[in-house]
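> give me a 3D structure for the following:
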Amino acid sequence: MCLAIPSRITEINENMGVIDVVGVQREVSLLLVENPQVGDWVIVHAGFAIQIIDEATAQESLRYLREAAQLLAENDDSGTAANG
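Below is the predicted model of the structure:
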């Protein structure tokens with residue numbers, strides 16, 4: 001399974017950009033999105049920004065990802081306790 005992560009563009013240098021997602025910064029290609037701007041929210045997959053999205057959608061997606069990670073962590077913790 002692959003995930004596309006919502007991220008905010010913080011820098012642009014030609015066809016490359018620096019994105020920030022929850023404080024983690026990475027360099028990504030901006031070749032697949034039209035007219036990206038610093039401050040835009042994008043969906044990032046495999047090192048490429050693939051779509052510009054609005055901030056509300058980005059924040060909602062990040063919330064769902066955090067909730068899913070929390071559920072997985074809780075499941076791992078309960079499985080470890082049951083097996084330990």
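> what about this protein, any weak spots by pLDDT?
1-2, 79-84 (pLDDT under 70).
> repeat that for 90
Filtered on pLDDT under 90, the chain yields the residue ranges 1-5, 21-22, 62, 65, 69, 72, 74-84.
> which parts of it are strands?
Assignment of strands within the chain using DSSP state E yields the ranges 5-13, 16-21, 24-29, 41-45, 48-53.
> and these, which is most packed in?
strand 41-45 (a mean of 20; mean count of other CB atoms under 10 Å). Using the backbone N, CA and C atoms, a C-beta is placed for each residue, glycine as well.
> what's next to that one, contact-wise?
For strand 41-45, contacts defined as CB atoms under 8 Å, 6 or more residues apart in numbering pick out 2-9, 19, 21, 26, 28, 33, 36, 49-55, 57-58.
> re earlier: got the strands of the chain as TSV, with distance to Asp77 columns?
Shown next, in TSV, are the strands of the chain (distance: least, CB to CB, whole Å):
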stretch	distance to Asp77
strand 5-13	24
strand 16-21	25
strand 24-29	24
strand 41-45	29
strand 48-53	32
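> which one of these lies closest to Ala68?
strand 5-13 (12.2 Å; CB to CB).
> what sits up against that closest one?
With CB under 8 Å, 6+ apart, strand 5-13 has contacts from 17-21, 25-26, 28, 30, 36-45, 49, 53, 57-59, 61-62, 65.
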